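Asker: Fold the following for me, if possible:
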Amino acid sequence: MSLTRVASLTRALLAWASQPGNERFYGHDQETVLHGVLEDPERQGQAPAAAWLLGTWRLASGQAMVLQGDAMGWDVARSGISMLRASITHRWRRQGPDAVSPLQLAHAALLGGALGEPQEALLGEMLMEMPENLFGPQDQLPLFVRSLYLLREGRRPRFSPRLGPYMAVLHAWDSDRLHFSRVMEEILEHHLERTQRGEFAEPAFSLLPSEVLMTKVVRTELGMQWTKVEHPLMFTNLMALQPRTPWPREPLAVALGQLTAPRR
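Answerer: Below you'll find the model as predicted:
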């Protein structure tokens, strides 16, 4: 069943990324909006949504390239991750944490942390600073991502039923490698379930097992053991083809960051 679902998601992502209408709306139109914001900072209110939409387009279209065997698609996908981070940062600095979606923040932090976005630590700080009352009952993934950042800093996360299936990861944190691997496989099964009508339903987020990749990053940094996770999401071209270049500099993300950068 999992293998069939991954194949279906792959076809859906490739189809979505090949639609000229999607490229026009999510790509070209949002670039036009952002260039307009840079020319007229009074229009900054349009920036976060445009940057997010553009980021999801580049993330999805870049993954589509990789799925078809072109590793250079990672440059496109990674520029998209930088745009997601710029969107969240812009909204947080101008409007405060109340205006930020915990799920969007979690996705941007997960992807940045999993793939090595140079400024992803800033997103982790935001998650750890976000007031508890801003997390709703649907925010199991954001609460899990926050827990990963707390563990990364050597702090103890809260064990709460609000984590849903992700609480099993925290309970298994110090267990043997085989058990922990099985828990991560269950998390990826949950990931697939949530591609129907959940936090992984958008094409840009459906196929990349970012929660497992970020967990590996954290455990590796802490000097903990890791073992292979056997699941179809771990055996697509997104896992087989690695980026061949350093993280690309995204001029639009840099320019948006400068609009809201704290004055020295």
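
Asker: In this structure, which helix is the longest?
Answerer: Secondary structure assigned by DSSP state H gives helix 73-95 as the longest helix of the chain.

Asker: Low-confidence regions, this protein specifically.
Answerer: Low-confidence segments of the chain (pLDDT under 70): 1, 262-264.

Asker: Tell me where it has helices.
Answerer: 2-17, 20-22, 30-39, 47-67, 73-95, 102-115, 120-129, 140-152, 167-171, 177-197, 203-206, 210-221, 237-240, 251-260.

Asker: Quick one: closest of those to residue 229.
Answerer: Nearest to residue 229 among the helices of the chain is helix 177-197 (4.7 Å), distances taken as Cβ to Cβ. Where C-beta positions appear, they are placed from N, C-alpha and C, glycine not excepted.

Asker: what residues does that closest one touch?
Answerer: Contacts of helix 177-197 with the rest of the structure, by Cβ atoms under 8 Å, 6 or more residues apart in numbering, involve 2, 5-6, 9, 165-166, 168-169, 172-173, 175, 200-201, 206, 209, 211-212, 215, 225-231, 233-234.

Asker: same thing but at 7 Å, please
Answerer: Contacts to helix 177-197, defined as Cβ atoms under 7 Å, 6 or more residues apart in numbering, come from residues 2, 5, 9, 165-166, 168-169, 172, 200-201, 206, 209, 211-212, 215, 225, 227-231, 233.

Asker: In PyMOL, how would I select the buried members of the residues you listed?
Answerer: Buried members of these, identified by 16 or more other Cβ atoms under 10 Å, are gathered into one PyMOL selection as follows:
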select buried, resi 5+9+165+166+168+169+172+200+206+209+211+212+215+229+231+233
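
Asker: And residue 89, how close does it get to residue 215?
Answerer: The spacing between residue 89 and residue 215, counted by Cβ to Cβ, to the nearest Å, is 24 Å.

Asker: what does residue 10 give?
Answerer: On the measure of Cβ to Cβ, residue 10 and residue 215 end up 23 Å apart.

Asker: again with residue 88
Answerer: 21 Å.

Asker: Just the buried residues of the longest helix of the chain, please?
Answerer: Here helix 73-95 shows 73-92 as buried, counting by 16+ other Cβ under 10 Å.

Asker: on that earlier part again, so which of the helices of the chain gets nearest residue 159?
Answerer: Between the helices of the chain, helix 167-171 lies closest to residue 159; by Cβ to Cβ that is 5.9 Å.

Asker: Kindly format the C-alpha coordinates of that closest one as CSV.
Answerer: Provided in CSV are the C-alpha atoms of helix 167-171 (Å, rounded to 0.1, in the frame of the first residue of the first chain):
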residue,chain,number,x,y,z
MET,A,167,5.3,11.4,21.0
ALA,A,168,6.5,7.9,20.2
VAL,A,169,9.7,9.4,18.8
LEU,A,170,10.4,11.2,22.1
HIS,A,171,9.6,8.0,24.1
